[in-house]
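Novice: okay, predicted coordinates and the sequence, questions at the end:
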Amino acid sequence: MTPPTTTEAAPATSAPPAPRLMSLRGRAPWHVAATLAVLVGAAFLARHHWPVIEAGAARLAGADPGWLLFAATATVSTWACSALAQQGAVTEGLPGARLVAVQFAASAANHLLPAGAVNLRFLTRCGLSVPRSATALAVKATAGAVSRGALIAVLALAGPGLLRLPPLSTVAVAAAVLVAVALGVVLCGPLRRASRAVLADVRAVHRLPGRAAALWGGSLAFASLHSLVVIAVARSLGLPLPPGEVALAYLVASSAAVLLPTPGGIGSLDAALAISLALVGAPGGMAASVVIGYRLLTVWLPLIPGLVVLALLVKRKEL
């Protein structure tokens, strides 16, 4: 009787992920269509402004290596901060070294897979259910958004006049409000259920001071370090802008790019960051150089090593 029991028990452990996978497949066409639309728009803008981008890349070749090394060090530190925030989003203890390796692998895989897929798989392998793992990712994302908002508020208050928004027409503002209201009505039920789950986990995490400190400390450090990367790249190029303005430009751009569903923010963050830097006074070619340098350090150079680490984690059945 023992062998049949063992063979029958196996499907029970693999059954829960099935609804999640079906849900992902059901949403995939919309996600792919939106991603392609943003990428096509980014490609059109890149082609239209290609001379500026080409000049920016050429300027990056003469950047100060000391500042670039500082930017690379800050980039490496972001993965540890991401791991700290993820640990703070759950009450259970997670294996620290593997968690950092997963953040490094996820930074590369998120350009090829749905956002959070690697962390979701890792959390389920650590014993969390699929719904709890998804909620933990939502808690981390919420803390990240709140942290960026807090940093934007602090910088805006510390330097009045730093936050300069482009002029918007009444029609554009009204259209944005109508779209937001329509989405709120359509997604009212799912959003309410998801919010309840996230709030329950947030309350559970905040009953443990160490977990709460890890969640908010890691989230604030993650956003601050990415800002430092942009500042260091700008300094390496000799961009004559105060660090506060550059940091504010990045934080506003990264907050706006979250609303556009492109893998790793490719296209959306690049355009938003270039526009934000231009709004605070960076010349077009210099802004393009900063964006290219930032992306080189945070995306393209770690991409192949990150995918290698991902393959090793999969081979060792950590994912």
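Specialist: Perfect, thanks for sending it.

Novice: can we go C-alpha only for contacts and neighbour counts from here?
Specialist: Noted.

Novice: and the helices in the protein?
Specialist: 2-14, 17-48, 50-60, 65-88, 96-109, 117-125, 130-158, 170-186, 188-206, 209-236, 243-257, 268-279, 284-295, 301-315 (DSSP state H).

Novice: any low-confidence regions in this protein?
Specialist: 1-57, 114-115, 160-197, 261-264 (pLDDT under 70).

Novice: how does it look with 80?
Specialist: Where the chain drops to pLDDT under 80, the residues are 1-61, 111-115, 159-202, 259-267.

Novice: please identify the buried residues of stretch 248-262?
Specialist: Going by neighbour count (16 or more other CA atoms under 10 Å), the buried part of stretch 248-262 is Leu248, Ala249, Tyr250, Leu251, Val252, Ala253, Ser254, Ser255, Ala257, Leu260, Pro261, Thr262.

Novice: with stretch 70-78 instead?
Specialist: For stretch 70-78, using 16+ other CA under 10 Å, the buried residues are Ala71, Ala72, Ala74, Thr75, Thr78.

Novice: what's that stretch in contact with?
Specialist: Here stretch 70-78 makes contact (CA atoms under 8 Å, 6 or more residues apart in numbering) with Ala221, Phe222, Leu225, His226, Leu228, Val229, Val230, Ala232, Val233, Leu297, Thr298.

Novice: now, among those, which is nearest to Leu123?
Specialist: Phe222 (20.1 Å; CA to CA).

Novice: so that closest one is in contact with Cys81, correct?
Specialist: Yes - using CA atoms under 8 Å, Phe222 makes contact with Cys81 at a distance of 5.4 Å.

Novice: show me which of the two is the more surrounded one.
Specialist: Phe222 (26 against 23; other CA atoms under 10 Å).

Novice: spit out the contact partners of that one.
Specialist: Thr78, Trp79, Cys81, Ser82.

Novice: could you check how far it is from Leu151?
Specialist: Distance, Phe222 to Leu151, by CA to CA, to the nearest Å: 11 Å.

Novice: returning to that earlier point: now, among the contacts of Phe222, which is nearest to Thr91?
Specialist: Nearest to Thr91 among the contacts of Phe222, with distances taken as CA to CA, is Ser82, at 16.2 Å.

Novice: give me the number of residues near the closest one?
Specialist: Ser82 is flanked by 28 other residues according to other CA under 10 Å.

Novice: so it touches Gln103, yeah?
Specialist: Yes - using CA under 8 Å, Ser82 is in contact with Gln103, at 6.6 Å.

Novice: need the overlap of contacts for Phe222 and Cys81.
Specialist: Listed contacts common to Phe222 and Cys81 are nil; contacts here mean CA under 8 Å, 6+ apart.
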